[in-house]
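# Requesting a structural model of the entry that follows:
(chains A, B, C, D, E, F and G)
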Amino acid sequence: MKVRPLYDRVLLRRVEEEARTKGGIIIPDSAKERPSEGEVISVGSGAVLKNGETRPLSVKAGDRVLFGKYSGTEIKVNGEEFLIVREDDILAVFEK
Amino acid sequence: MKVRPLYDRVLLRRVEEEARTKGGIIIPDSAKERPSEGEVISVGSGAVLKNGETRPLSVKAGDRVLFGKYSGTEIKVNGEEFLIVREDDILAVFEK
Amino acid sequence: MKVRPLYDRVLLRRVEEEARTKGGIIIPDSAKERPSEGEVISVGSGAVLKNGETRPLSVKAGDRVLFGKYSGTEIKVNGEEFLIVREDDILAVFEK
Amino acid sequence: MKVRPLYDRVLLRRVEEEARTKGGIIIPDSAKERPSEGEVISVGSGAVLKNGETRPLSVKAGDRVLFGKYSGTEIKVNGEEFLIVREDDILAVFEK
Amino acid sequence: MKVRPLYDRVLLRRVEEEARTKGGIIIPDSAKERPSEGEVISVGSGAVLKNGETRPLSVKAGDRVLFGKYSGTEIKVNGEEFLIVREDDILAVFEK
Amino acid sequence: MKVRPLYDRVLLRRVEEEARTKGGIIIPDSAKERPSEGEVISVGSGAVLKNGETRPLSVKAGDRVLFGKYSGTEIKVNGEEFLIVREDDILAVFEK
Amino acid sequence: MKVRPLYDRVLLRRVEEEARTKGGIIIPDSAKERPSEGEVISVGSGAVLKNGETRPLSVKAGDRVLFGKYSGTEIKVNGEEFLIVREDDILAVFEK
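Down below sits the predicted model:
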């Protein structure tokens, strides 16, 4: 079963940040309020413009992205956790 | 009696999620705040644009969709429960 | 005396829902927060677009419609109760 | 002295509703939260559109109208009370 | 020194309302929440439209106007009190 | 080092109001909530329109302006205090 | 690994302000609520307009900028702290 996000929505798999600092101390959850990293799984057909046309998104499957930690909605597909965000919740793309 | 949603509205039949985890423990309701699954029964004529024209929706009768659990309005037709949501409340479509 | 709603407004006569369940138990009012059913009596000339033109409404006198229970404003004309809602408060039309 | 409302504003003279029910019981003020009736005295030159043009209003001097009870601003001219509302606060026009 | 309001702003000199009722009783300030009267001293070059063009205002120096009592910002020029409001805060113009 | 404001922003040097009344009594700060006077030091390239074009500002370096006292952001450049406001926070220009 | 901000977003490296006043007294953090200085590291492809086109940003890599202290989102890349802001959070550019 595949998930096709609608319009400007993007399906992500969250890439967990290291929960330990260099010295090995565990940072409690409340201290980690910074954006999360994710991998783009699939993207919608594009953002709808006022005139009804569609603008393609600027991220694509396979991209590694940064997004606001509290953005989007979590979903579970075939037992695996994903996240659906709007493209506007994505701050930046990592390039290698 | 048939229900025709107006414009960008979509009539859904909710597909209940399993209320039990694999181990058979019941998850209390408050722990299930994730999107719900539904089946599209019928769709409106399209979203109205600023210029008065209509943009057709991107879901159709028969589609299985994910939507925000607290989206939309519940209605009862011929004794059966349905949900009317706006297309923008639909996050994604399942494809087989 | 006739009431002509302005622009995108719609004059409805509320169709009371059965206040009893099948088994004859009365549902208290607070438990009935679902959309109401109404009959369209008359409609405005259309929704005004940004460019000043008017888009005709998609409901017409005689239609049976569903609307949000708390939408609109109640008025009394010749001793009879009516409701004026905006077309956007109407969720769906019943078709026979 | 005459009052010329600006743009989409409308000058109304309030038509008092009967404060008594059929049986002659006085309804306390708090129970009367329904729209008020008024007579249009004069109207502005029209609503300003985004492009700077003006759209004429759809009510005219002499019309009997229904408006939200708490809409508008009360003014006193030559000792008489009037109300200035925006056209969008007017719900409907009575036609004879 | 002259004050030139910007764009859709209007410089007014407030015309004080009679603070006494006919019978000579002073109305306390809190009871006077109705629009104020003012004289237009100067007006801005016009309201800016979305496309960058300017729409001239519909009031001019010398006009007597009604405006919401709590609209605008009070300024003092050469020891005299004035008010700067947006044209949209002006409800109506008095015509003789 | 020079500061170039972006788009519709304006760099001002605040012109202090006399903190004393005629009789020589000092007005406490909380009593002075009226607009402030400033001198325009530099202006941005213009306000961005919806279509991406730019509309030049209507104030220029050297202008004496009135602005809402709590508008803008204070900055310190080379030890001197300035204020950056949006053009829309400027109410009027003084002309000699 | 490089970070490419999306659309109208800008990647900044914060330039710390002197935490000491001339006399050598440390200003507590709560007293420093003024804009921060940063160096632009990279910029997005441009702000998206209503019609789907893109307007290039007016800052570029290497620019020294002023931005609202509480704007944007902090990120850590390769152990170094950066900030992602929208172009609209940038108040001004320093020019030498």
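# what's the burial count for A:L6?
Residues near A:L6, counting by other C-beta atoms under 10 Å in any protein chain shown, number 21. Glycine gets a C-beta too; all of them are placed from N, C-alpha and C.
# ugh, typo on my part, it should be A:I75
So A:I75, with other C-beta under 10 Å, has 18 neighbours.
# same deal with the one 3 residues further on?
Here the neighbour count serves as a burial measure; for A:N78 (other C-beta under 10 Å) it reads 7.
# Tell me, what's the model's pLDDT at it?
The model reports A:N78 with a pLDDT of 82.
# and it, what does it touch?
Shown in contact with A:N78 (C-beta atoms under 8 Å, 6 or more residues apart in numbering or on different chains): A:M1.
# worst-scoring helix or strand of chain A, pLDDT-wise?
strand A:73-77 (a mean of 90; mean pLDDT, DSSP states H and E).
# wait, does that strand make contact with chain B?
Yes. Strand A:73-77 lies within reach of chain B by C-beta under 8 Å from any C-beta of the partner chain, at A:T73, A:E74, A:I75, A:K76.
# relative to strand A:73-77, how tilted is whatever helix or strand comes next after that strand?
Reading on from strand A:73-77 to the C-terminus, the next helix or strand found by DSSP states H and E is strand A:80-86. Angle between the axes of strand A:80-86 and strand A:73-77 is 140 degrees (criterion: axes from the mean of the first three to the mean of the last three C-alpha atoms, to 10 degrees).
# strand partners of strand A:80-86, parallel vs antiparallel please.
Strand pairing for strand A:80-86, using DSSP bridges, gives strand A:9-15 (antiparallel), strand A:73-77 (antiparallel).
# what does the last one contact?
Think strand A:73-77. Against strand A:73-77 from outside (C-beta under 8 Å, 6+ apart): A:1, A:3, A:81-85, B:34-35, B:66, B:68, B:91-92.
# Out of those, which is nearest to E:D8?
The closest of these to E:D8 turns out to be A:V85 (C-beta to C-beta; 38.9 Å).
# so the closest one touches A:Y70, yeah?
No. Using C-beta atoms under 8 Å, A:V85 makes no contact with A:Y70, being 10.4 Å away.
# Which one's more surrounded, the two?
Regarding A:V85 and A:Y70, a neighbour count based on other C-beta under 10 Å identifies A:V85 as having more, with 23 against 9.
# For that one, which non-adjacent residue is spatially closest?
A:G72 (3.5 Å; C-beta to C-beta, 6 or more residues apart in numbering or on different chains).
# need the contact list for the one you found.
Counting by C-beta under 8 Å, 6+ apart, the residues that A:G72 touches are A:L12, A:L83, A:I84, A:V85, A:R86, A:D89.
# Neighbour-wise, which one of those leads?
Going by other C-beta under 10 Å, A:L12 tops these with 27 neighbours.
# for the residue in chain A that chain C sits nearest to, what are its contacts?
Nearest residue of chain A to chain C (C-beta to the nearest C-beta) works out as A:K50 at 9.6 Å. Counting by C-beta under 8 Å, 6+ apart, A:K50 makes contact with B:L49, B:K50, G:K50, G:N51.
# is it fair to say it lies in a helix?
No. Counting by DSSP: H, G, I helix; E, B strand; the rest coil, A:K50 falls outside a helix, being coil.
# How about the contacts made by the residue nearest the centre of chain A?
Geometric centre of chain A, nearest residue: A:L12, 4.2 Å, by C-alpha atoms, centre = their mean. The contact partners of A:L12, taken as C-beta under 8 Å, 6+ apart, are A:G38, A:E39, A:V40, A:I41, A:V65, A:F67, A:G72, A:F82, A:L83, A:I84, A:V85.
# any idea how far it is from chain E?
From A:L12 across to chain E, the span is 35 Å (C-beta to the nearest C-beta, to the nearest Å).
# how close does that residue sit to G:R14?
Between A:L12 and G:R14 the computed distance is 27 Å (C-beta to C-beta, to the nearest Å).
# How about A:N51?
Distance, A:N51 to G:R14, by C-beta to C-beta: 40 Å.
# If you count surrounding residues, which of those two has more?
Each of A:N51 and G:R14 has its neighbours counted (other C-beta under 10 Å); G:R14 has more, 16 against 13.
# Dig out what that one forms beta bridges with.
Beta-bridge partners, per DSSP bridges, of G:R14: G:G38.
# Do you know the pLDDT at it?
On pLDDT, G:R14 comes in at 94.
# Next, the contact list for it, please.
G:S36, G:E37, G:G38, G:E81, G:F82, G:L83.
# out of the residues you listed, which is most surrounded?
G:G38 (23 neighbours).
# pLDDT weak spots in chain A?
A:17-34 (pLDDT under 70).
# Alongside chain G, which residues does chain A contribute?
A:34-35, A:47, A:49-51, A:53, A:55, A:58-59, A:66, A:68, A:87, A:90-96.
# Counting only strands, which of those make the cut?
By the criterion of DSSP state E, membership of the residues of chain A next to chain G in strands covers A:A47, A:R55, A:L66, A:I90, A:L91, A:A92, A:V93, A:F94, A:E95.
# For the third one, which residues are in contact?
Contacts here follow C-beta under 8 Å, 6+ apart; on that basis A:L66 touches A:P35, A:S36, A:E37, A:G38, A:I90, A:L91, A:A92, A:V93, A:F94, G:V3, G:I75, G:I84.
# And those residues, which two are furthest apart?
A:G38 and G:I84 (15.2 Å).
# Between its first and last residues, what's the separation in stretch A:62-76?
Chord length of stretch A:62-76, first to last residue, is 19 Å (C-alpha to C-alpha, to the nearest Å).
# Compute the distance from the centre of that stretch to the centre of its chain.
2 Å (C-alpha atoms, centre = their mean, to the nearest Å).
# what's the answer for stretch A:38-55, then?
14 Å.
# Same check on stretch A:56-65?
On C-alpha atoms, centre = their mean, the centre of stretch A:56-65 falls 9 Å from the chain's centre.
# burial count for the nearest residue in space to A:P5 that is not next to it in sequence?
Spatial nearest neighbour of A:P5, chain neighbours left out: A:G44 (4.3 Å); criterion: C-beta to C-beta, 6+ apart. For A:G44, the count of nearby residues is 24 (other C-beta under 10 Å).
# which residues sit in contact with A:G44?
A:R4, A:P5, A:L6, A:Y7, A:D8, A:R9, A:V10, A:L57, A:E87.
# out of those, which is most surrounded?
Neighbour max across the contacts of A:G44 (other C-beta under 10 Å) = A:V10, 27 neighbours.
# That one contacts A:E87, doesn't it?
Yes. Using C-beta under 8 Å, A:V10 makes contact with A:E87 at a distance of 5.7 Å.
# close enough to count as contact, A:G46 and A:Y7?
Yes. Using C-beta under 8 Å, A:G46 is in contact with A:Y7, at 6.6 Å.
# who touches both of those two?
A:T54.
# How many neighbouring residues does A:K60 have?
12.
# give me phi/psi at it?
phi -140, psi 170 (degrees, to the nearest 10).
# What distance do you get for it to chain B?
Applying C-beta to the nearest C-beta to A:K60 and chain B gives a distance of 17 Å.
# got a list of what that residue touches?
Contacts of A:K60 (C-beta under 8 Å, 6+ apart): A:V40, A:V43.
# Check the residues of chain A next to chain G for burial and list the buried ones.
Listed as buried from the residues of chain A next to chain G are A:35, A:47, A:49, A:55, A:58-59, A:66, A:68, A:87, A:90-94; burial here means 16 or more other C-beta atoms under 10 Å in any protein chain shown.
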